[in-house]
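Visitor: quick one, structure for this:
(chains A and B)
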Amino acid sequence: MSRRAALLLTLALVAGTVAPAQAYLKLGARVGTRTLTLKWPAMPIRYFVTDRGVPGVTSLQLQQTVSKAFATWDAVPTAAVSSQFVGFTGAGPRGGDGITVIGFDNRPELDRTLGATSFLVDTISGDIVEADIFLNSAFAWSVAAQGDPGGFDLESIALHEIGHLHGLAHSALGETELRAGGRRVLAAEAVMFPIAFSPGSIALRSLRADDIAGISDLYPAAGFSRQTGSISGTVTKNATGVLGAHIVAFNPRTGKLVGGFSLQNDGTFVIAGLEPGPQVLRVEPLDDADIDSFLDLTLGVDVDFRVKFYEKLVVVPRGGGATRIVLKVLPK
Amino acid sequence: MRRVLLLIGLLVMAPALRATVLVPAEFREIVAGSQIIVFGRVADVHAEWSDDRRRIDTVVTLDASAYLKGGPGDVVTFRVPGGQVGRYKNVIVGAPEFRPGEEAVVFLSAAGPAVAHVFGLSQGVFRVRLDAATGRRLVIPPLLTASGDAPERVTRGALDRTPLPIEEFTATVRAAMAPARVTR
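Guide: Next comes the predicted model:
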């Protein structure tokens, strides 16, 4: 297989209104009336690292940290993903070279953005011809083993962006507080939560249940679907479907949280990759978020409803699904 | 069989979703950090390759209904990363997308001669949607503003956090721009 062919990603070309439900948040790109779902057709993911460091992080440390972050995703036993470092490159993560590059760069128009993942998609063939991860050199970075209050933890941010590179979108499993001068993360139960912890924190160097469910849903290893289960149903308000509701499944035995969204106008949702057994279900509005970083807002996301817990424990069967759960929410 | 159908559904369906890692700003910081704040309707959206042909940017032209800060003219133009030229689409995960005809309040950074860009990638975008029930224009997402210097935990579903009518939203922006009152 040629290098370029190896880099190509296959996209599932689907009509936007075909299927009734969608589970985990996966990256997509709207092209006309279609939505392209991003997914690597073959492993390993081959990547280059820019041969440039920033103050406090050499290019070798960048490469080692990125490789460690890839290895964390590769180690998920229920997901069939792998990666391969190809070499250093003088190219930045700016595109136009047909290879996947991860590196530091300075783009003033991406202010307040620590890192971002980009894809170049051939909308005719459905291939992604290139994917890159940009890390913002305008910020201070750290690779200190225990973190450094003077910089953002490179491994945590790389882990998040590599999740995007695989095709995962954001998780809403996080809690924040407002304070003068900004907003701060108090807790996050997903590496894919879009807001970074404060400099010095190394709390998100390890994947959470939500991340593992997502990557396993996208790239299931043998037996994954037989070992786990799902919950599906609808969120309604005044007998009408609610779009963009955040539904959280909480396992009271293990304390693990996995989230999902209602992504259709009829309010249907599916949360897959759940451990079998009882789960507590909660639905909440995404009313504290920069919704653009989760969903296409023109879809008409509804944030005007109250938090609701499902009245009963939902028992997830192994290798099956608990279906037809109806979460009826009230307007605020 | 039901499980199989469910999984097929999971695999084939995915709306357009966004992603990146942000350092979030509090609303007053967004206001202070923007040189132009404008409410208007998207008149034109076109994408073009960058000069070095390494990426695609989208240039958005907004018919200005009201400037809350700055004010270059009847229309304002700004650039967002990503877009589609011919068969190629550059997806910058986390970058906002605009469509002609939609209304929004946008907070723009405009340093020097360069074309303005949205503050904080998508943090400076507030969409305006017509509420079918009331006929009012509502701003999405709801505002997150600190009421004082003490930290405040953000709780989803808070009853007082709802989409604001555009009039209230613009009043809030203006209040955030007002100089702090000095007391003796």
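
Visitor: contacts, neighbours, all on C-alpha from now
Guide: Will do.

Visitor: how about low-confidence regions in chain B?
Guide: Filtered on pLDDT under 70, chain B yields the residue ranges B:1-22, B:112-113, B:180-184.

Visitor: what ranges does it have for its strands?
Guide: Counting by DSSP state E, chain B has strands at residues B:21-22, B:36-49, B:56-69, B:75-81, B:83-85, B:88-92, B:103-109, B:116-118, B:125-130, B:137-140, B:152-153, B:164-165.

Visitor: state the number of residues packed around the nearest residue to A:V307 once chain neighbours are set aside.
Guide: In space, and not counting its chain neighbours, A:V307 is closest to A:E284: 4.6 Å by CA to CA, 6 or more residues apart in numbering or on different chains. When counting by other CA atoms under 10 Å in any protein chain shown, one arrives at 23 neighbours for A:E284.

Visitor: A:E284 against A:D304, yeah?
Guide: No: counting by CA atoms under 8 Å, A:E284 does not reach A:D304; the two are 9.7 Å apart.

Visitor: find the residues that touch each one of the two.
Guide: Common neighbours of A:E284 and A:D304 (criterion: CA atoms under 8 Å, 6 or more residues apart in numbering or on different chains): B:G157.

Visitor: who's the residue nearest to A:V307 bridged to?
Guide: For A:E284, the beta-bridge partners under DSSP bridges are A:H246.

Visitor: for the closest residue in space to B:P142 that isn't next to it in sequence, give me its contacts.
Guide: Once flanking residues are discounted, B:P142 sits nearest to B:P163: 4.6 Å by CA to CA, 6+ apart. By CA under 8 Å, 6+ apart, the residues touching B:P163 are A:303-304, B:138-143.

Visitor: which parts of the stretch 151-300 of chain A sit against chain B?
Guide: Those residues of the stretch 151-300 of chain A that sit near chain B, judged by CA under 8 Å from any CA of the partner chain, are A:157, A:160-161, A:164, A:169-170, A:175-184, A:194-196, A:218, A:263, A:270, A:284-297.

Visitor: among the residues you listed, which are in helices?
Guide: Members of those lying in helices (criterion: DSSP state H): A:157, A:160-161, A:164, A:218.

Visitor: ok, those residues vs A:K312, which is closest?
Guide: A:L218 (29.1 Å; CA to CA).

Visitor: which residues touch residue 150?
Guide: This is for chain A. A:140-142, A:199-200.

Visitor: my bad, the chain I had in mind was chain B
Guide: Taking CA under 8 Å, 6+ apart, one finds A:179-180 in contact with B:A150.

Visitor: try it again at 7 Å.
Guide: Contacts here follow CA atoms under 7 Å, 6 or more residues apart in numbering or on different chains; on that basis B:A150 touches A:R179.

Visitor: and the gap between the residue nearest the centre of chain B and chain A?
Guide: When CA atoms, centre = their mean is applied to chain B, the residue found nearest the centroid is B:V125 (0.9 Å). Distance, B:V125 to chain A, by CA to the nearest CA, to the nearest Å: 8 Å.

Visitor: can you count the residues close to the closest residue in space to that residue that isn't next to it in sequence?
Guide: The shortest distance from B:V125 to any non-neighbouring residue, by CA to CA, 6+ apart, is to B:V106 (4.8 Å). By other CA under 10 Å, 25 other residues sit near B:V106.

Visitor: likewise for the one 4 residues further on?
Guide: With neighbours defined by other CA under 10 Å, the count for B:A110 comes to 18.

Visitor: nearest spatial neighbour of it, skipping sequence neighbours?
Guide: Nearest non-adjacent residue to B:A110, counting by CA to CA, 6+ apart: B:A116, 4.3 Å away.

Visitor: if that neighbour is in a bridge, with which residues?
Guide: Bridge pairing for B:A116 (DSSP bridges) gives the partners B:F78.

Visitor: give the contact list for it.
Guide: B:78-79, B:108-110.

Visitor: quick one: those as a markdown table, columns for distance to A:R205 too.
Guide: Shown next, in a markdown table, are those (distance: CA to CA, whole Å):
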| residue | distance to A:R205 |
| --- | --- |
| B:F78 | 36 |
| B:R79 | 34 |
| B:L108 | 34 |
| B:S109 | 33 |
| B:A110 | 36 |
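
Visitor: pull out the buried positions in stretch B:82-91.
Guide: B:82-84, B:88-91 (16 or more other CA atoms under 10 Å in any protein chain shown).

Visitor: tell me how many other residues crowd A:T65.
Guide: A:T65 has 19 neighbours, counted by other CA under 10 Å.

Visitor: what about it, distance to A:L168?
Guide: According to CA to CA, to the nearest Å, A:T65 stands 20 Å off from A:L168.

Visitor: do the same with A:N136
Guide: 20 Å.

Visitor: do the same with A:I124
Guide: Taken as CA to CA, the span from A:I124 to A:L168 is 23 Å.

Visitor: between these two, which is the more surrounded one?
Guide: Higher neighbour count among A:I124 and A:L168: A:L168, with 27 against 11, using other CA under 10 Å.

Visitor: I'd say the more buried one and A:K39 touch.
Guide: No: using CA atoms under 7 Å, A:L168 is not in contact with A:K39, being 9.1 Å away.

Visitor: need the buried residues of stretch B:82-91 in a markdown table (columns: distance to B:V31).
Guide: Shown next, in a markdown table, are the buried residues of stretch B:82-91 (distance: CA to CA, whole Å):
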| residue | distance to B:V31 |
| --- | --- |
| B:G82 | 24 |
| B:G83 | 27 |
| B:Q84 | 30 |
| B:Y88 | 35 |
| B:K89 | 31 |
| B:N90 | 29 |
| B:V91 | 27 |
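
Visitor: which of those residues come close to chain A?
Guide: With the criterion set as CA under 7 Å from any CA of the partner chain, the members of those near chain A are B:88-91.

Visitor: for these, which one is nearest B:V173?
Guide: B:V91 (30.8 Å).

Visitor: residues contacting the residue nearest to B:V115 when sequence neighbours are not counted?
Guide: Closest residue to B:V115 apart from its sequence neighbours, by CA to CA, 6+ apart: B:F78 at 5.7 Å. For B:F78, the contact set (CA under 7 Å, 6+ apart) comprises B:59-61, B:115-117.

Visitor: from B:A111, how far out is B:F78?
Guide: The gap separating B:F78 from B:A111 is 12 Å, by CA to CA.

Visitor: kindly report the same for A:G255.
Guide: 48 Å.

Visitor: A:Q64 too?
Guide: To B:A111, A:Q64 is 36 Å away according to CA to CA.

Visitor: that older thread, which one of the contacts of B:F78 is nearest chain A?
Guide: Distance ranking of the contacts of B:F78 against chain A, using CA to the nearest CA, places B:H117 first at 6.1 Å.

Visitor: my guess is that closest one contacts B:S109, does it?
Guide: Yes: counting by CA under 7 Å, B:S109 is a contact partner of B:H117 at 5.4 Å.

Visitor: which of the two has more neighbours?
Guide: B:H117 (28 against 23).

Visitor: what sits against that one?
Guide: A:109, B:78-80, B:108-110.
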